[in-house]
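Enquirer: Here is my input; please provide its structure:
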Amino acid sequence: MKKSAILAAGVVLLAAELAFFVFFVFAKSYFAAIIASMVGANHLGGRLAFIAVGLENGLPSYLVILIILFYNTTYLFLMYSLFVLFSERMKRFKIVKGHIESLKKKAEKKKKFLKNWNWFGISFFVWIPLPWTGGVIGSYIAHLEGYNTRETLFIVLPSMWVGIISWTLWFDELYDFVERIGKDKTIFLTLFLVMVPVLFYLIDIIKKAGGKRSC
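Expert: Numbers count the residues shown, from 1 in each chain. Predicted structure coming up:
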């Protein structure tokens, strides 16, 4: 499987996403705003925040699943193919280089967390919705472990899809339970899921800055 084909698939999916989004901006702006907030929450707080914002805004679980599946699959195709192509021939592009290098370093840190990552370990890593886990970092780990593109996608895609479906359904049940206690509590739960990964990220930056000063 060629890396350029994965990149092309990602570009096609991204174009379709943008077309749908523009359509909803004019046809149903409230729905477009929900999607934009979900995507923003995803990049701030990860998949749980992605799910939580969708459910908090009253979207049914099946629609939340479809949106996240579509977006995360597109993002995986683009970031994995850019990572592989960057490693080979994209060093001239500084903007791409900075972002890819940042994700690569995170993948290397996660890879060092366990000495040996087999396909089951990578699948579990992709499935579990913790900060800096998921399909993109999992695909980088698989690449660093020597898996080819076909093997990487065979491991990562099903794990990511199962994770999105299972965690959305579980969170849907959790939100129903919390809502019976009090609707306002679901808002606090959503804000918590969005902000906690951001706080951990800021703490990590502060620690790094403190370490550099001590050196």
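Enquirer: does residue 9 really touch residue 76, like I thought?
Expert: No. Residue 9 lies out of contact with residue 76 (CB atoms under 8 Å); the separation is 10.2 Å. For the C-beta atoms, the positions are set from N, CA and C on the backbone; glycine is no exception.
Enquirer: Between the two, point out the one with more neighbours.
Expert: Neighbour comparison, residue 9 and residue 76: the larger count goes to residue 76, with 24 against 15 (by other CB atoms under 10 Å).
Enquirer: List the contacts of the more buried one.
Expert: By CB atoms under 8 Å, 6 or more residues apart in numbering, the residues touching residue 76 are 10, 135, 136, 139, 156, 157, 160.
Enquirer: Please pick the buried ones from these.
Expert: Neighbour counting by 16 or more other CB atoms under 10 Å classes 10, 135, 136, 139, 156, 157, 160 among the contacts of residue 76 as buried.
Enquirer: could you redo the contacts of residue 76 as TSV and give each row pLDDT, distance to residue 126 and secondary structure?
Expert: TSV is the format used below for the contacts of residue 76 (pLDDT from 0 to 100; distance: CB to CB, whole Å; DSSP: H, G, I helix; E, B strand; the rest coil):
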residue	pLDDT	distance to residue 126	secondary structure
10	91	17	helix
135	86	6	helix
136	85	9	helix
139	87	8	helix
156	93	5	helix
157	94	9	helix
160	94	5	helix
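Enquirer: Would you agree residue 168 is in contact with residue 64?
Expert: Yes. With contact defined as CB under 8 Å, residue 168 reaches residue 64; the gap is 5.4 Å.
Enquirer: Mutual contacts of the two, please.
Expert: Among the neighbours of residue 168, those also in contact with residue 64 (CB under 8 Å, 6+ apart) are 51, 55.
Enquirer: Have a look at these two and say which one is more surrounded.
Expert: More neighbours surround residue 168 than the other of residue 168 and residue 64, with 27 against 24 (other CB under 10 Å).
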